[in-house]
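S.K.: sharing a model prediction with you, sequence too.
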Amino acid sequence: MNWRDRILNEFATEVSPITWVADPDRLLTELSMQQALEHRGLELVPYGDAITFRFILESKYRPQWEANRSFNLVFVLSGAQAELGNLPYDLVLSSRQITLSLPTLFPKLSYPVIKTLNPAEFDALEAAGANRLTKPLGENATKDFLLEHVFDWGPERVKEPADLLEKLLKRHYQNLTVPSLLDSRLIEQLQKNSQLAQWPLEEILPNRAAFFRFLQDRWLPFVQRQLVQNGISSDLSGFYGIPEPVLLPLDHEPVRVYVDNLFLEGFLQPISLTNLHGKPRTIPDNIWLRAGLRLDPDSDRHARLEKLLQTLRKEIPDAQARYEQWIAFAQNWSELIGLWHQSSHGQRAALALDYRALQGQVDDSFLTWVTEKYKGLYAQFTNKPVMLHHVPQSLSRGAMGNKGAKVALLVLDGLAFDQWLVLRRVLRQQMPHLNIQETGVFAWLPTTTSVSRQALFSGSKPDEFPASIHHTGKEPDQWQKFWVNEGLMPQNVGYLKALGSLASLADAERLLASPKLRAVGLVVNQVDDIMHGMTLGTVGMHNQVKLWAETGFMRDLLTMLFEQGFQVFLTADHGNIEATGIGNPREGAIADKRGERVRVYPNTQLRDQIKAQYPDTIEWPSTGLPHDYKALFAPPRRAFVNTEETIVGHGGISLEELIVPYIQLDLAPA
């Protein structure tokens with residue numbers, strides 16, 4: 001039996017209507033585990049604080065019991081609060097109780113080490129024979145076992161610089177996460193190799209942004225050396241400011257595969273020939289490093305656009321993909337969107353059929369995946385946040401882990417990933433030493449501000465704030481309540497919205513002047529304001545975001561936060577998408593919310609009336625939402641507006657709306 005089967009055996013016999021599970025290691029949050037339990041007719045209900053839990057129980061489940069509906073509930077206590085001793089007496093009386101733990105699954109491995117893993121990594125641990133070990137492993141031996149068999153990073157696999165570079169490229173290109181406990185052990189082992197002594201492993205092994213900066217700095221001397229070796233240039237001077245190692249084995253065959261993609265997907269920036277000493281007159285078409293050279297802007301852009309279209313067509317995740325695959329794809333998809341709208345009319349016309357076909361394939365595949373898998377994301381608990389309501393908890397246990405640490409959550413209302421790339425380009429010009437570590441996170445469905453942004457600031461699912469789900473007025477209280485529950489005092493917590501203009505920087509400065517602040521939430525409304533007045537579609541959004549970024553507001557706000565000692569994290573409550581009208585339903589007063597990409601109704605009967613008028617619309621279950629919050633989504637890239645209209649809006653199910661940036665920002669050493 002695998003580890004999932006061993007847990008599922010606990011639920012194999014006749015299950016009582018209520019089962020309490022103490023799950024300190026969050027084993028039941030793994031997506032496949034959740035689905036297996038659901039297939040057995042079990043409904044998992046996370047147990048948060050007692051008051052919220054009692055509210056959900058009485059409002060959602062008690063009426064169903066009284067209506068004699070038969071179902072089996074599994075109440076899950078996770079993490080530090082996974083104690084069965086202080087449960088509500090009336091619910092424990094006739095219930096079953098189970099305790100799960102990692103040591104029972106992998107008894108021969110050091111618990112402090114394996115508890116740093118995500119449940120999705122237990123498959124590799126099991127496949128490596130963790131349960132066939134004949135004797136217990138100590139802490140260091142367990143670390144070495146995990147590095148070798150789970151992360152493919154055994155020190156004996158890295159004998160020379162080409163091996164190390166290949167491993168680093170694989171890790172950071174795929175944005176793989178390794179627990180810091182294991183990284184420390186790996187660095188300690190690798191530093192014993194004299195060939196790797198000059199590599200800044202403490203920086204480039206754990207830090208993705210530092211690694212790409214390391215590569216970018218060394219691309220110019222590598223190109224110069226390659227041109228000399230190919231007889232195209234003769235000058236090797238001018239690289240004395242770069243610390244060792246200067247020349248990397250980037251022409252090593254397994255490495256070259258990654259290098260091409262890094263330039264294609266925007267992780268590295270091509271260099272201009274004007275930066276080369278002994279400037280060559282021409283570069284042969286067959287030389288492999290052309291992808292990293294800026295030769296002719298128009299032809300370079302067209303070639304990159306064609307290659308990216310081909311690459312992404314092969315990489316669309318399928319219905320069984322892990323959520324990490326969709327996050328990675330969303331980042332590459334945003335590169336394509338940006339490149340598409342930078343291209344000339346002629347270039348777009350030549351590739352329009354391919355682009356629209358790919359767009360349709362992505363929309364179909366993502367909608368299928370969301371329908372099957374999205375509800376399983378609510379309870380995911382990993383080293384990085386998966387959904388927006390995980391972000392505060394991630395900040396609390398990560399960035400705020402040190403005494404006296406200060407964290408700022410910067411929320412750019414409505415910022416889609418492709419618009420983040422526009423902002424990122426300007427920030428890199430304005431702040432050359434800005435260190436950017438980026439990934440993505442899932443917003444809430446529907447992707448509206450009142451749902452998704454409240455979930456972000458409260459750290460709660462929307463069914464836990466039903467009274468305010470149609471407005472955002474409770475956000476300051478929700479943000480403060482979260483941090484007070486985490487041990488801060490009210491005066492340690494700050495919140496400010498309506499930022500975005502240069503004049504609003506004075507408001508931010510007044511807030512940040514308080515020496516007692518340790519957790520601050522800042523809402524920048526500028527992108528959302530641009531979106532709701534946009535008549536020129538996605539290209540108009542990119543132009544307006546660029547103009548706004550060039551005012552210097554973000555540069556000045558970030559500088560202010562860094563000077564005050566804050567760790568800065570940037571995200572968005574939702575993205576946006578260009579959509580065309582299917583018609584504007586005439587609903588009178590029956591819709592609780594009349595959005596462009598979503599309509600919300602208080603019951604299924606009212607929703608069904610509009611569904612009958614627009615049969616291609618998508619009904620959404622209320623999982624994680626209040627029971628009287630019935631959402632109806634417009635079809636992909638369509639909106640509830642007049643048929644002749646094209647708008648930029650949000651609220652629906654699309655890659656651009658649902659996966660948003662999650663960025664850590666700091667200043668790299670000058």
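M.R.: All right, it came through fine. Numbers count the residues shown, from 1 in each chain.

S.K.: how about Leu93, phi and psi?
M.R.: Main-chain torsions, Leu93, degrees, to the nearest 10: phi -50, psi -50.

S.K.: what stretches of the stretch 1-150 of the chain score poorly on pLDDT?
M.R.: Scanning the stretch 1-150 of the chain for pLDDT under 70 picks out 12-16, 66-71, 79-82, 86, 91.

S.K.: do a quick rundown of the strands in it.
M.R.: 18-23, 42-46, 72-78, 96-99 (DSSP state E, counting those that start in this stretch).

S.K.: now render the ones you listed as JSON lines, adding mean neighbour count and distance to Ala321.
M.R.: Bear in mind the C-beta positions are built from the backbone N, C-alpha and C, glycine included. What follows is the strands of the stretch 1-150 of the chain, written out as JSON lines (neighbours: other Cβ atoms under 10 Å; distance: least, Cβ to Cβ, whole Å):
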{"stretch": "strand 18-23", "mean neighbour count": "20", "distance to Ala321": "25"}
{"stretch": "strand 42-46", "mean neighbour count": "18", "distance to Ala321": "22"}
{"stretch": "strand 72-78", "mean neighbour count": "21", "distance to Ala321": "25"}
{"stretch": "strand 96-99", "mean neighbour count": "16", "distance to Ala321": "30"}
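
S.K.: reformat those as CSV; add distance to Pro249.
M.R.: Output for those, formatted as CSV (distance: least, Cβ to Cβ, whole Å):
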stretch, distance to Pro249
strand 18-23, 46
strand 42-46, 48
strand 72-78, 45
strand 96-99, 51
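
S.K.: closest to Glu656 out of the ones you listed?
M.R.: Among these, the nearest to Glu656 by Cβ to Cβ is strand 42-46 (29.0 Å).

S.K.: packing partners of the closest one?
M.R.: helix 31-39, strand 72-78 (3 or more Cβ pairs under 8 Å, 6 or more residues apart in numbering; DSSP states H and E).

S.K.: closest to Gln325 out of the ones you listed?
M.R.: That would be helix 31-39 among the helices and strands packed on strand 42-46, by Cβ to Cβ, at 12.2 Å.

S.K.: could you dump the closest one to PDB, C-alpha only?
M.R.: Below are the C-alpha coordinates for helix 31-39, written out as PDB (Å, rounded to 0.1, in the frame of the first residue of the first chain):
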ATOM      1  CA  LEU A  31      -5.000  17.200  -3.600                       C
ATOM      2  CA  SER A  32      -5.200  13.500  -4.600                       C
ATOM      3  CA  MET A  33      -6.000  12.600  -1.000                       C
ATOM      4  CA  GLN A  34      -8.900  15.100  -0.900                       C
ATOM      5  CA  GLN A  35     -10.300  13.700  -4.100                       C
ATOM      6  CA  ALA A  36     -10.000  10.100  -2.900                       C
ATOM      7  CA  LEU A  37     -12.000  11.000   0.300                       C
ATOM      8  CA  GLU A  38     -14.600  12.800  -1.800                       C
ATOM      9  CA  HIS A  39     -15.000   9.700  -3.900                       C
END
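
S.K.: picking up where we left off before, export the helices and strands packed on strand 42-46 to a markdown table and tack on distance to Leu412?
M.R.: A markdown table is the format used below for the helices and strands packed on strand 42-46 (distance: least, Cβ to Cβ, whole Å):
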| stretch | distance to Leu412 |
| --- | --- |
| helix 31-39 | 29 |
| strand 72-78 | 31 |
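
S.K.: looking at those, which is nearest to Arg304?
M.R.: helix 31-39 (34.4 Å).

S.K.: mind listing what's buried in the closest one?
M.R.: By 16 or more other Cβ atoms under 10 Å, the buried positions in helix 31-39 come out as Leu31, Met33, Gln34, Ala36, Leu37.

S.K.: just give the nearest non-adjacent residue to the third one, would you?
M.R.: Distance criterion Cβ to Cβ, 6 or more residues apart in numbering; nearest residue to Gln34, sequence neighbours excluded, is Gly376 at 4.8 Å.

S.K.: looks like the one you found contacts Leu37 (just checking).
M.R.: No - Gly376 is beyond contact range of Leu37, at 10.4 Å (criterion: Cβ atoms under 8 Å).

S.K.: contacting residues for Leu182?
M.R.: Counting by Cβ atoms under 8 Å, 6 or more residues apart in numbering, Leu182 makes contact with Val113, Thr116, Lys143, Leu146, Leu147, Phe151, Trp153.

S.K.: let me fix that: Val545
M.R.: Per Cβ under 8 Å, 6+ apart, neighbours of Val545: Gln419, Val422, Leu423, Val527, Ile530.

S.K.: confirm for me that the first one is in contact with Gly540.
M.R.: The reference is to Gln419. No - between Gln419 and Gly540 there is no contact under Cβ under 8 Å: 11.2 Å.

S.K.: just to revisit the earlier point, figure out which of the helices and strands packed on strand 42-46 is closest to Glu645.
M.R.: Across those, closest to Glu645 is helix 31-39 (Cβ to Cβ), at 38.3 Å.

S.K.: got the domain ranges for the chain?
M.R.: As assigned by automatic domain parsing, the chain contains the domains 3-105, 111-149, 155-272, 300-371, 378-576+656-667, 578-647.

S.K.: the helix ranked longest in the chain packs against which elements?
M.R.: In the chain, ranked by residue count with DSSP state H as the criterion, the top helix is helix 345-373. Packed against helix 345-373 by the contact rule (3+ Cβ pairs under 8 Å, 6+ apart) you find helix 297-315, helix 323-342, helix 655-658.

S.K.: export the ones you listed as a markdown table, with columns for mean pLDDT and distance to Leu488.
M.R.: As requested, those are exported to a markdown table (pLDDT from 0 to 100; distance: least, Cβ to Cβ, whole Å):
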| stretch | mean pLDDT | distance to Leu488 |
| --- | --- | --- |
| helix 297-315 | 89 | 42 |
| helix 323-342 | 94 | 30 |
| helix 655-658 | 97 | 31 |
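
S.K.: and the ones you listed, which is most packed in?
M.R.: helix 655-658 (a mean of 26; mean count of other Cβ atoms under 10 Å).

S.K.: just to revisit the earlier point, among the strands of the stretch 1-150 of the chain, which is nearest Leu181?
M.R.: Here strand 72-78 is closest among the strands of the stretch 1-150 of the chain (Cβ to Cβ), at 20.7 Å.

S.K.: so where's the stretch 501-650 of the chain uncertain?
M.R.: Flagging of the stretch 501-650 of the chain using pLDDT under 70 yields the residue ranges 588-594.
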